[in-house]
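> following is a predicted model, sequence given first.
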Amino acid sequence: DTAVSQTPKYLVTQMGNDKSIKCEQNLGHDTMYWYKQDSKKFLKIMFSYNNKELIINETVPNRFSPKSPDKAHLNLHINSLELGDSAVYFCASSQDRGHYGYTFGSGTRLTVV
Amino acid sequence: DQQVKQNSPSLSVQEGRISILNCDYTNSMFDYFLWYKKYPAEGPTFLISISSIKDKNEDGRFTVFLNKSAKHLSLHIVPSQPGDSAVYFCAASGGGTYKYIFGTGTRLKVLA
C-alpha cells in the first residue's frame, strides 16, 4: 500500500502542451505539498495545501495551478509547457507543519521536448 | 540566496566507520530541522528531526546535533553500512510556517 502515490511516474511531452500530475495520500495527513527538483538537484517548494486551503504559493509561473479536491488529493496542472519545466516533481504529505517529517511520493519525471 | 547549505557534495566512508554529514543555515528564525535520505528514482525518506530547544536527538544509528550559535547541524551515522549509500538532505523551517527549505544534498558512499 503506497502511502503517497503520484501518477504518472514519467511524462514526456511537447512544448506548448498542457499536462496534469496527480497525487494521492492514504495516511490521513492534513497537509500536502508539491516540490520541484531541478537539474541541479535543488528541492524547491512550489505549493502547499492544508485541509484543502492553499497556504504556500511560492514564486512559480501562473502556468502552474494546483488543485486539491479533498484532503487526500493534490493535483498539479501545467499549461503551455516550456523546456525549462523539465524536472522531477515530488508530491509530499505531512500532519500539520511536518515537524515529524514529510512522506514523499516517488516523483514524476517530466521531460518537455 | 540559499538559506540552507550542504557544502560537501559527496562523502566516502568505510563500512563500520562513522559518517558525518554537515548542514549550515543562515536564517535565525529556523527552529525545526529534518534530515532525509534519498535513493535514486525514489522520493526522499524522513530520517530524523530536531527542534531548536534541543541540541541532540538520537534514533538508533542516527544522531543529529544542533549548534544554534553556529547555525550548524550535523548527522552522524554509526556504524555506517553499505545500505546507507544515498543522497542526504537537511531541511529547515521556522517562524510558524509550513515551509521547509532544503539543502542541496550530500551524496554518501559507504564502501564495503
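Now that the structure is in, tell me what you want to look at. Numbers count the residues shown, from 1 in each chain, chains lettered A, B, ... in the order given.
> okay, now residue 27: neighbour count?
As the question left the chain open, I've gone with chain A. 12 (other Cβ atoms under 10 Å in any protein chain shown). Placement of C-beta: from N, CA and C, glycine included.
> ah, I was thinking of chain B
So B:N27, with other Cβ under 10 Å, has 15 neighbours.
> do A:Y102 as well
26.
> cool, and A:N17?
A:N17: 12 neighbours (other Cβ under 10 Å).
> show me where pLDDT drops low in chain B?
For chain B, the stretches with pLDDT under 70 are B:1.
> got the residues of it near chain A?
Within chain B, the positions near chain A by Cβ under 8 Å from any Cβ of the partner chain are B:32, B:34, B:36, B:41-47, B:49, B:51, B:87, B:89, B:93, B:96-102, B:104-105.
> filter those down to just the buried residues.
B:32, B:34, B:36, B:43-44, B:46-47, B:49, B:87, B:89, B:93, B:98-102, B:104-105 (16 or more other Cβ atoms under 10 Å in any protein chain shown).
> grab the most central residue of chain A for me.
A:W34 (3.1 Å; Cα atoms, centre = their mean).
> ok, the helix or strand harbouring that one: who's next to it in the sheet?
Per DSSP states H and E: A:W34 is located in strand A:31-37. Under the criterion DSSP bridges, strand A:31-37 sits next to strand A:43-50 (antiparallel), strand A:87-94 (antiparallel) in its sheet.
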